[in-house]
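Trainee: Give me a model of this one.
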Amino acid sequence: MRVLGIEGTAWAASAAVYDDAEESVFIESDPYQPDSGGLHPREAAEHMGEALPQVVDRALRHAAETAPEGASAPYDVDAVAFSRGPGLGPCLRTVGTAARAAAQALDVPLVGVNHMVAHLEIGRHQSGFESPVCLNASGANAHLLGFHNGRYRVLGETMDTGVGNAIDKFTRHIGWSHPGGPKVEEAAAEGEFIDLPYVVKGMDFSFSGIMSAAKQAADDGEAIDDICFSLQEHVFAMLTEVAERALSLTGTDELVLGGGVGQNARLREMLDTMCESRGAAFHAPEPRFLRDNAGMIAVLGAKQFAAGDTLAIAESTVDPNFRPDQVPVTWRDDEPSVARGLDQGTVTQRGAEAVVDVVDPGEEDVSLPSTYVRKRRLPKAYRHPALDETLRAERTTAEARLTAEARRAGVPTPLVWDVDTAESTIRFEHVGETDLAAALSTGPVRAVGRHLAAIHDAGFVHGDPTTRNVRIGDRTWLIDFGLGFHTGHVEDHAMDLHVFRQSLAATADDPAPLERAMLAGYREAGDEAVVDRLAAVEDRGRYR
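Mentor: Next up is the predicted model:
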């Protein structure tokens, strides 16, 4: 099978020919380079209109030159695949027109491809992984995806702007031309560490605070090399941390990287180091498949075409807000979910940021009344030592304090028996029989809703309420308050609900009744304004 792919979501006018028999991908691209500032949608669309006919022509000439002897048509192309979204509307409309014209001229079917799913699928295709977590780090987007129940689920995402766009906002502020990412990477080589904001909310994250702080640091006269170095250390550590949280939540041991920012050597180094420490496999595609390119469109288009997933011309409208979790994954019907679970019988478990041991009395030189849990936040080799030391100390202190405060607010939590901040270690009462993730049902989920309402009423949030951070048995216990903080803001309370609902969608076979149970439990004791704000919070993470 051979498929012509056409890409043009934002800046790269690109065409490709994928031959599945040869496993070869020919790519021809012509990127748009603005004279100043960032991408201008009208100018980008004009570039697409001029460049797409040329790159498509070169791709088709390659198809003709490499067509097998005796081919039924000069180009021997079986289908035309195009990037249907997400992206800039004017660019997408130009690409859609080009794809329809090519499909009609070649008299072959048309296939509409989600650009972000293509970033994931090219990594899965090349790596041979069964069902990985995918970190997409691109200009306009940043999110974690995993296959579950016939779709790619969003496990976590930016709550404001894409990672590449965030970096570009800083570089524009200091007068550098687009694209800013490579320039930041080059400048970072000579920089030293300075402190910047670090915002992780479960498996979601935010870049607005760090970008504002970086701009202010530049205005205050901080060395640009130091700001660039620290931007990379903070932003990429945030992405690596949430990727590890996704591995921990789902129980998978495979991670692939996608998106243009994935060309950054420091990000790839961090992800590789994290995966190696967990015993997980990591794959980053070669750079030509990380930046926007038609090769990944053609490869996924071939998979969709083989599954009979084609479009009629009349139904081939583009969608600038096309989310990856809106795509029926027709080409993976019988393949395993990313949610593989963990062995709940093991004495030692590796979470996203700590090792947890169940310890019998007498095994350590401490005087505790019974079997207990020892949680150790080990140093993260991928993080800068100064950032890592700060985060481990702050989170250990916050977890011990907020666990006790939640208990005083009437929420079942383990007793805190010992805290060693120097070693980032806490010893807890051992509670429950298993994680909620291993035995999902509406009763405990409803209890989680009530518990979150109680701690919100007490003036703080959990910060990471996932199905791994709830223990169940004769009661439903909340654990792991390390990302929690004091706040009375309705937005922060709604984020707690969002994080928990996101983890339900990622691990449950049928999340809808569980989500209803969570909201019902919250309404029993919480503020309806928080539930109302939840929809606004979740819309903010959607592509606009």
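Trainee: For residue 435, give me phi and psi.
Mentor: Main-chain torsions, residue 435, degrees, to the nearest 10: phi -70, psi 150.
Trainee: Output the below-cut-off pLDDT ranges for the stretch 251-400 of the chain.
Mentor: Scanning the stretch 251-400 of the chain for pLDDT under 70 picks out the ranges 340-350, 361-369.
Trainee: hey, where'd the strands end up in it?
Mentor: For the stretch 251-400 of the chain, the strands defined by DSSP state E, counting those that start in this stretch cover 254-258, 281-283, 348-350, 355-359, 372-376.
Trainee: Next, format the ones you listed as CSV and append mean neighbour count.
Mentor: C-beta here means a position set from N, CA and C on the backbone, and glycine is covered the same way. Shown next, in CSV, are the strands of the stretch 251-400 of the chain (neighbours: other C-beta atoms under 10 Å):
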stretch, mean neighbour count
strand 254-258, 27
strand 281-283, 19
strand 348-350, 15
strand 355-359, 16
strand 372-376, 21
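Trainee: do you know which of the ones you listed lies nearest residue 304?
Mentor: For residue 304, the closest of the strands of the stretch 251-400 of the chain is strand 254-258, at 17.4 Å, according to C-beta to C-beta.
Trainee: So the chain: which segments form each domain?
Mentor: 2-121+290-326, 128-287, 348-429, 434-540 (automatic domain parsing).
Trainee: Now the residue most central in space within the chain: which helix or strand?
Mentor: Nearest to the mean C-alpha position of the chain, by C-alpha atoms, centre = their mean, lies residue 144 at 2.0 Å. Taking DSSP states H and E as the criterion, residue 144 maps to strand 142-148.
Trainee: Tell me the strands beside that strand, with direction?
Mentor: Its sheet considered, strand 142-148 pairs with strand 133-137 (antiparallel), strand 151-157 (antiparallel) by DSSP bridges.
Trainee: which outside residues touch it?
Mentor: With contact meaning C-beta atoms under 8 Å, 6 or more residues apart in numbering, strand 142-148 is reached by 116-117, 120, 131-136, 152-158, 162-163, 203, 205, 207, 239, 242-243, 246, 250, 252, 259, 261, 324-325, 329, 332, 335, 337-339, 505-507.
Trainee: Let me see the mean pLDDT of that strand.
Mentor: Across strand 142-148, the average pLDDT comes to 92.
Trainee: ditto for stretch 10-30
Mentor: pLDDT averaged over stretch 10-30 gives 94.
Trainee: quick one: residue 502 and residue 533, what's the gap?
Mentor: Separation of residue 502 from residue 533 (C-beta to C-beta, to the nearest Å): 16 Å.
Trainee: Next: residue 510.
Mentor: 26 Å.
Trainee: Show me which of the two is the more surrounded one.
Mentor: Ranked by neighbour count (other C-beta atoms under 10 Å), residue 510 and residue 533 place residue 533 first, with 20 against 10.
Trainee: In space, what's closest to residue 47 - neighbours in sequence excluded?
Mentor: Nearest non-adjacent residue to residue 47, counting by C-beta to C-beta, 6 or more residues apart in numbering: residue 32, 4.1 Å away.
Trainee: who are the neighbours in contact with the one you found?
Mentor: 11-13, 39, 43-44, 47-48, 51 are the contacts of residue 32 under C-beta under 8 Å, 6+ apart.
Trainee: which one of the residues you listed has the most neighbours?
Mentor: Using other C-beta under 10 Å as the neighbour criterion, residue 48 leads these with 31 neighbours.
Trainee: for that residue, what are its contacts?
Mentor: 8, 13, 32, 90-91, 94-95, 98.
Trainee: looking at this, it is in a helix?
Mentor: Yes - the assignment for residue 48 is a helix, going by DSSP: H, G, I helix; E, B strand; the rest coil.
Trainee: separation between it and residue 148?
Mentor: 34 Å.
Trainee: Over to residue 216?
Mentor: Counting by C-beta to C-beta, the gap from residue 216 to residue 148 is 40 Å.
Trainee: between those two, who's got more neighbours?
Mentor: Comparing residue 216 with residue 148 by other C-beta under 10 Å, the one with more neighbours is residue 148, at 23 against 12.
Trainee: Give the residue farthest from the middle of the chain.
Mentor: Distance to the chain centre peaks in the chain at residue 70, reaching 45.6 Å (criterion: C-alpha atoms, centre = their mean).
Trainee: What count of nearby residues applies to residue 69?
Mentor: 4.
Trainee: and it, what are its phi and psi?
Mentor: Phi and psi for residue 69, reported as degrees, to the nearest 10, are phi -60, psi 130.
Trainee: Let me have the strands of the stretch 251-400 of the chain in JSON lines, extended by distance to residue 450.
Mentor: Listed next are the strands of the stretch 251-400 of the chain as JSON lines, based on distance: least, C-beta to C-beta, whole Å:
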{"stretch": "strand 254-258", "distance to residue 450": "35"}
{"stretch": "strand 281-283", "distance to residue 450": "39"}
{"stretch": "strand 348-350", "distance to residue 450": "26"}
{"stretch": "strand 355-359", "distance to residue 450": "25"}
{"stretch": "strand 372-376", "distance to residue 450": "24"}
